[in-house]
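S.K.: Structure here, sequence nowhere to be found:
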């Protein structure tokens with residue numbers, strides 16, 4: 001039901017409400033146009049498609065040290081750096097690139113055209129058990145989460161499958177295949193953000 005890392009966190013810290021501040025990388029991904037493409041299809045086929053896709057995506061996130069926080073329809077939220085930020089930006093970008101590289105292999109088993117968008121942002125979050133005593137969830141909240149989600153939504157407009165912020169790029173090796181996408185206005189932020197892709 002939860003990622004192994006989250007299960008460990010809950011077992012160590014208990015199930016009480018509360019949280020603490022951490023710096024992490026948040027990744028949001030989404031299948032482009034999946035709701036429209038799935039309209040009128042057999043629900044069992046839609047679920048089968050999603051399970052095939054998520055099985056591979058979760059494997060990739062875990063291979064790169066990330067934690068899958070939740071699935072939101074055909075979207076996924078993952079967190080990198082819950083334990084330590086050392087090497088985390090590189091791991092998160094590597095995971096995103098591996099997710100994109102896996103799409104051609106997944107397409108033959110998919111009943112609809114498959115393409116995805118991915119947004120990543122690094123910053124502070126509140127991590128902990130959130131909800132009520134009768135229904136709680138371990139998750140992270142804050143502006144970092146909102147920004148990553150908005151970057152994922154912006155991918156189509158920006159003409160790319162991957163967007164990440166200066167906060168991540170400045171911690172990556174300068175010789176990487178990083179491409180500036182210019183400064184973009186993000187909903188909820190006063191200043192424009194310099195965005196990057198690969």
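M.R.: Everything's here; your move. Since we're looking at a predicted model, the values are computed, not measured. Residues are numbered from 1 along each chain as shown.

S.K.: alpha carbons only for contacts and neighbour counts from here, please
M.R.: Noted.

S.K.: Does residue 183 touch residue 195 like I think?
M.R.: Yes - in this structure residue 183 lies within contact range of residue 195 using CA atoms under 8 Å: 6.1 Å.

S.K.: which residues of the protein score low on pLDDT?
M.R.: 1-2, 9-10, 13-18 (pLDDT under 70).

S.K.: okay, residue 183 and residue 195: which has more neighbours?
M.R.: Each of residue 183 and residue 195 has its neighbours counted (other CA atoms under 10 Å); residue 195 has more, 23 against 13.

S.K.: and the helix or strand hosting that one, what does it pack onto?
M.R.: Using DSSP states H and E, residue 195 sits in strand 193-197. When contacts are defined as 3 or more CA pairs under 8 Å, 6 or more residues apart in numbering; DSSP states H and E, strand 193-197 packs onto strand 162-165, helix 166-169, strand 179-184.

S.K.: Using TSV, lay out the ones you listed together with distance to residue 56.
M.R.: Below are the helices and strands packed on strand 193-197 laid out as TSV (distance: least, CA to CA, whole Å):
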stretch	distance to residue 56
strand 162-165	18
helix 166-169	24
strand 179-184	27
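
S.K.: Please identify the most buried of those.
M.R.: Highest mean neighbour count of those: strand 162-165, a mean of 26 (counted as mean count of other CA atoms under 10 Å).

S.K.: who does that strand pair up with?
M.R.: Strand pairing for strand 162-165, using DSSP bridges, gives strand 116-132 (parallel), strand 193-197 (antiparallel).

S.K.: Kindly reformat those as CSV containing distance to residue 165.
M.R.: Below are the strands paired with strand 162-165 laid out as CSV (distance: least, CA to CA, whole Å):
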stretch, distance to residue 165
strand 116-132, 6
strand 193-197, 5
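
S.K.: among those, which is the most enclosed?
M.R.: Mean neighbour count (mean count of other CA under 10 Å) peaks for strand 116-132 among those, with a mean of 22.
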